[in-house]
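Trainee: Predicted model, plus sequence, below.
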Amino acid sequence: MSAASSPILQPIRVGKTTLPNRMVMGSMHTGLECHPERFDQLARFYADRARGGAALIVTGGFAPTYAGRMKDEPGTLERADQVSAHRVITEAVHAAGGRILLQILHAGRYGYHPAIVAPSAVKSPINRDVPRELTPAEIGKTVDAYANTARLAIQAGYDGIEVMGSEGYLISEFLAVRTNFREDEWGGSLENRARFPLSVVRAVREAVGEKILCYRISALELIEGGLSDDDTVWLAQAVEKAGADLLSTGIGWHESTVPTIAGAVPHAAFANATRRIKEAVGIPVTASNRINLPDVAEHLLSSGAADLISMARPFLADADFVNKVRDARPDQINICIACNQACLDHYFTGQVISCLVNPRAAREVEFSDEPAAQTKRVGVVGGGVAGIAAALEAGRRGHAVTLYEGGREIGGQFSLAAHIPGKEDYGLAIESLRRQLDAAGVEVRTGQRVGIEALSRDNYDEVIVSTGIDPRPLDIPGANDPRVVGYTSILDGSVTAGNRVVIIGAGGIGHDVALLLATGEHAGRQSVEQFEQRWGIGTGKTLHPAKRSITMLKRSAGPFGRTLGKSTGWILRQELKDFGVRQIAEAQYLKIDAEGLHIAVSDRIEVLPADTIVVCAGQVSARSLADELEARGQSVHLVGGAKLAGELDAKRAIYEGAVIGNRL
Ligand code: NAP
Ligand code: SF4
């Protein structure tokens with residue numbers, strides 16, 4: 001198939017607008033919605049995606065009323081004096097050849113502030129505040145407020161509106177018997193519960209005239225007391241009749257206990273839910289969730305599951321996603337690995353979002369795209385993700401870059417992580433980075449542990465040291481026992497663990513190793529069917545026993561997994577619980593002998609028999625080269641784990657590498 005014939009690149013009519021291709025950048029809160037003074041940053045972020053080929057962009061959610069805001073800070077569009085700030089966004093996107101919708105999101109009981117409102121005073125399991133029940137008069141005013149926001153958005157130059165009707169926010173709360181206990185005309189039967197969203201759609205239609213009206217519909221609720229599949233089809237048809245031009249399918253409520261966007265979710269896992277809606281309506285339907293590769297998107301389009309593809313995170317990872325498809329270089333797309341570490345987790349912790357694999361995202365204004373004024377010879381030592389990021393940025397600015405990697409392959413900790421169930425995309429990300437290095441003209445020398453002499457011989461103008469980390473060894477009597485292995489040997493498959501495993505250290509890596517060993521090393525990617533059975537989607541949960549008996553240990557007190565990602569940690573904790581992994585905190589490691597690992601917990605001594613003891617006790621910086629260079633008076637740029645192993649963290653490592661590489 002030639003690039004031009006890709007289903008992704010085919011135009012499509014949405015309402016009165018013709019979109020040039022099928023790729024929508026879906027809504028994602030950036031954390032800038034509440035900061036009109038930083039809308040230039042938001043404008044640059046969206047404009048880069050429009051220039052990169054996204055046919056349609058949807059902003060993060062703006063609330064129609066003060067009570068509907070997400071957090072205890074602004075983030076509404078409700079007054080005329082707010083309009084002008086938005087023009088910087090719409091003008092930038094239009095100048096870049098794109099189109100942009102404003103998303104109206106009333107958070108309902110999901111708002112993180114004390115003044116939340118909902119159809120009924122029912123507390124959400126993920127919010128400590130109980131919402132106040134809206135009066136009938138307030139409901140009418142809220143409908144008017146949606147129309148008001150839509151009108152203001154059109155004045156600000158937006159190409160239309162997306163009404164957020166999924167994921168458990170106010171509109172979902174009206175629709176579901178789980179959250180709507182009303183006995184008036186806004187509650188009871190499905191028709192009554194749908195009165196609010198349909199009134200909103202009609203009011204917004206009138207406000208936007210012929211501009212695009214997209215409705216984000218919950219294609220699969222994944223909660224008890226949500227809409228059934230038949231209800232959802234009925235709603236989709238009713239929304240179409242009420243005036244929507246486009247349906248964007250969302251999956252699950254935020255309080256669902258089924259993963260919907262994490263790496264544990266197979267690619268396009270929810271395509272059938274989208275297909276069900278598409279087959280019931282005449283307007284175009286957009287699919288989303290875990291679609292991060294062009295071939296997955298193409299398959300969904302050509303198999304008739306969806307008319308358009310909505311991607312949010314993959315457009316953070318690569319603004320040029322569509323252009324790379326058009327230019328026949330889809331294999332250079334920077335892959336979103338579904339880690340959530342710099343996007344969702346940033347938002348949930350009050351930070352502006354970015355992207356772990358693309359630190360430029362939402363920070364575009366901090367990076368230069370200009371060719372370097374003076375071309376330098378740059379040596380980068382260490383082919384982990386920090387070194388790769390540095391080499392890529394420097395290479396793209398025109399420097400002559402050589403990247404040295406002591407191992408056979410580049411990728412470092414990322415390549416190891418690719419062996420963990422749910423992290424398979426890390427391997428694809430490295431493959432793409434390899435090709436991007438090639439395209440940036442970076443010379444990659446693998447299998448070369450470069451020393452100070454060789455570096456001096458090559459006479460680099462700049463040296464970047466990204467030699468990473470060494471795993472911290474265990475230091476107790478018996479630690480040299482052959483049953484004791486480092487986590488790298490387990491992850492790279494050079495050692496196969498026995499049946500009884502003890503894991504020392506319960507950080508991110510300890511948890512990942514436990515999951516790998518419980519699942520079995522050769523499980524491969526989970527199929528959609530296996531995923532559905534595992535999490536009980538449309539059926540009861542089917543749990544498989546762990547492949548090994550596993551005990552995790554840590555010295556500190558408190559629950560396990562507290563340092564895991566905010567939006568993904570719960571999945572890993574649940575998986576290990578379901579596998580029956582034993583976890584012992586406040587353990588003191590005493591010795592290893594023929595009987596096993598001896599530990600003290602409080603005043604009790606326990607011996608843990610073990611065939612394999614895996615050490616996941618954190619990291620120490622591998623910085624001897626940097627120390628040697630500095631001792632000779634040579635200035636070096638130190639990035640990633642080599643600089644600070646204490647918080648070895650791919651997000652920080654890649655950011656540091658990218659910044660140094662870009663500023664040379
Ligand atoms: P980590 O999160 O710092 O965990 C290190 C573990 O080693 C801790 O549980 C610590 O627990 C233990 N430890 C520290 N010093 C020790 C010593 N001298 N002897 C025995 N145990 C010791 O480091 P990591 O697991 O290597 O992970 C590295 C980085 O990658 C982290 O930033 C992590 O967040 C990230 N990562 C995250 C994930 C995820 O979120 N899924 C997965 C992989 C990696 P005690 O002090 O309690 O014993
Ligand atoms: Fe994807 Fe992770 Fe980047 Fe978020 S931070 S966009 S999940 S790669």
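Mentor: Nice, thanks for sending it over. Ligands and ions are numbered 1, 2, ... in the order given.

Trainee: neighbours around the spatially closest residue to residue 615 that is not a sequence neighbour, how many?
Mentor: Spatial nearest neighbour of residue 615, excluding adjacent residues (Cβ to Cβ, 6 or more residues apart in numbering): residue 474 at 4.8 Å. Any C-beta I mention is one placed from the backbone N, CA and C, and that applies to glycine too. Per other Cβ atoms under 10 Å, the neighbour tally for residue 474 reads 19.

Trainee: And residue 528, how far from residue 301?
Mentor: Between residue 528 and residue 301 the distance is 18 Å, computed by Cβ to Cβ, to the nearest Å.

Trainee: Repeat that for residue 262.
Mentor: For residue 262, the distance to residue 301 equals 24 Å [Cβ to Cβ].

Trainee: cool, and residue 235?
Mentor: From residue 235 to residue 301 the distance is 24 Å (Cβ to Cβ).

Trainee: more crowded one of these two?
Mentor: residue 235 (24 against 21).

Trainee: Please give me every residue in contact with the more buried one.
Mentor: Residue 235 sits next to 175, 190, 194, 197, 217, 227 when contact means Cβ atoms under 8 Å, 6 or more residues apart in numbering.

Trainee: Could you give me the ChimeraX syntax to select whichever of those residues are buried?
Mentor: Per 16 or more other Cβ atoms under 10 Å, the buried members of the contacts of residue 235 correspond to this ChimeraX selection:
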select :175,190,194,197,217,227
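
Trainee: tell me the strands in the stretch 1-150 of the chain, going along the chain?
Mentor: Along the stretch 1-150 of the chain, the stretches classed as strands by DSSP state E, counting those that start in this stretch are 12-14, 17-19, 23-25, 56-62, 100-104, 117-118, 132-133.

Trainee: Of all those strands, which one is nearest residue 490?
Mentor: Comparing those by their distance to residue 490 (Cβ to Cβ), the top pick is strand 23-25, with 38.6 Å.

Trainee: Please work out which residues outside the closest one touch it.
Mentor: By Cβ under 8 Å, 6+ apart, strand 23-25 touches 8, 46, 49, 53-58, 248, 286, 297, 308-312, 315, 321-322.

Trainee: repeat that with 7 Å
Mentor: With Cβ atoms under 7 Å, 6 or more residues apart in numbering as the test, strand 23-25 has contacts from 8, 49, 53-58, 286, 308-312, 315, 321-322.

Trainee: Pull the contacting residues for residue 160.
Mentor: 101, 208, 211, 212, 213, 214.

Trainee: So in the protein, which helix runs the longest?
Mentor: Secondary structure of the chain per DSSP state H: the longest helix is helix 136-155.

Trainee: other SSEs contacting it?
Mentor: Other elements packing on helix 136-155 under the criterion 3 or more Cβ pairs under 7 Å, 6 or more residues apart in numbering; DSSP states H and E are strand 100-104, helix 195-208.

Trainee: The residue in the stretch 1-150 of the chain positioned nearest to ligand 1: what's it in contact with?
Mentor: Proximity of the stretch 1-150 of the chain to ligand 1 (Cβ to the nearest ligand atom) peaks at residue 126, 19.5 Å away. By Cβ under 7 Å, 6+ apart, residue 126 lies in contact with 254, 255.

Trainee: Tell me the spacing between the residue in the stretch 151-300 of the chain that ligand 2 sits nearest to and residue 20.
Mentor: Nearest residue of the stretch 151-300 of the chain to ligand 2: residue 292, at 7.5 Å (Cβ to the nearest ligand atom). From residue 292 across to residue 20, the span is 21 Å (Cβ to Cβ).

Trainee: Then residue 254?
Mentor: Taking Cβ to Cβ, one finds residue 254 at 33 Å from residue 20.

Trainee: ok, back up a step: could you single out the nearest of the contacts of residue 160 to residue 649?
Mentor: The closest of the contacts of residue 160, once distances to residue 649 are taken by Cβ to Cβ, is residue 101, at 34.6 Å.

Trainee: Let me see the confidence value for that closest one.
Mentor: Note on residue 101: pLDDT of 98.

Trainee: What is the neighbour count of residue 76?
Mentor: 21.

Trainee: Next one: the spatially closest residue to it that is not a sequence neighbour from residue 151, what distance?
Mentor: In space, and not counting its chain neighbours, residue 76 is closest to residue 63: 4.4 Å by Cβ to Cβ, 6+ apart. Distance, residue 63 to residue 151, using Cβ to Cβ: 15 Å.

Trainee: between those two, who's got more neighbours?
Mentor: Taking residue 63 and residue 151 together and counting by other Cβ under 10 Å, residue 63 has the greater number of neighbours (27 against 20).

Trainee: The more buried one contacts residue 75, correct?
Mentor: Yes - using Cβ atoms under 7 Å, residue 63 is in contact with residue 75, at 5.9 Å.

Trainee: Kindly point out which residues are neighbours of both of those two.
Mentor: residue 69.

Trainee: hang on, the earlier thing: want to throw the strands of the stretch 1-150 of the chain into JSON lines with distance to ligand 2 and mean neighbour count?
Mentor: As requested, the strands of the stretch 1-150 of the chain are exported to JSON lines (distance: least, Cβ to the nearest ligand atom, whole Å; neighbours: other Cβ atoms under 10 Å):
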{"stretch": "strand 12-14", "distance to ligand 2": "25", "mean neighbour count": "17"}
{"stretch": "strand 17-19", "distance to ligand 2": "23", "mean neighbour count": "16"}
{"stretch": "strand 23-25", "distance to ligand 2": "12", "mean neighbour count": "28"}
{"stretch": "strand 56-62", "distance to ligand 2": "14", "mean neighbour count": "26"}
{"stretch": "strand 100-104", "distance to ligand 2": "18", "mean neighbour count": "27"}
{"stretch": "strand 117-118", "distance to ligand 2": "29", "mean neighbour count": "24"}
{"stretch": "strand 132-133", "distance to ligand 2": "34", "mean neighbour count": "15"}
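
Trainee: pLDDT wise, what is the residue lying farthest from the centre of the chain at?
Mentor: The centre of the chain is farthest from one residue, residue 594, which by Cα atoms, centre = their mean lies 44.8 Å away. In this model, residue 594 is scored at 96, pLDDT.

Trainee: ok, now the one 10 residues further on?
Mentor: At residue 604, the predicted lDDT confidence score is 95.

Trainee: quick one, strands of the stretch 201-350 of the chain?
Mentor: 212-220, 246-251, 285-287, 308-311.

Trainee: quick one: which of those is nearest ligand 1?
Mentor: Closest approach to ligand 1 among the strands of the stretch 201-350 of the chain (Cβ to the nearest ligand atom): strand 246-251, 21.8 Å.

Trainee: Compute the inter-axis angle for the closest one and strand 100-104.
Mentor: Per axes from the mean of the first three to the mean of the last three Cα atoms, to 10 degrees, the angle that strand 246-251 makes with strand 100-104 is 50 degrees.

Trainee: Check what contacts strand 246-251 and list those residues.
Mentor: By Cβ under 7 Å, 6+ apart, the residues outside strand 246-251 that reach it are 14, 162, 166-167, 212, 214-220, 222, 236, 239, 260, 270, 273-274, 277, 281, 283-289, 310.

Trainee: cutoff 6 Å now
Mentor: Strand 246-251 has contacts (Cβ atoms under 6 Å, 6 or more residues apart in numbering) with 14, 166-167, 214-220, 236, 260, 270, 274, 284-287, 289, 310.
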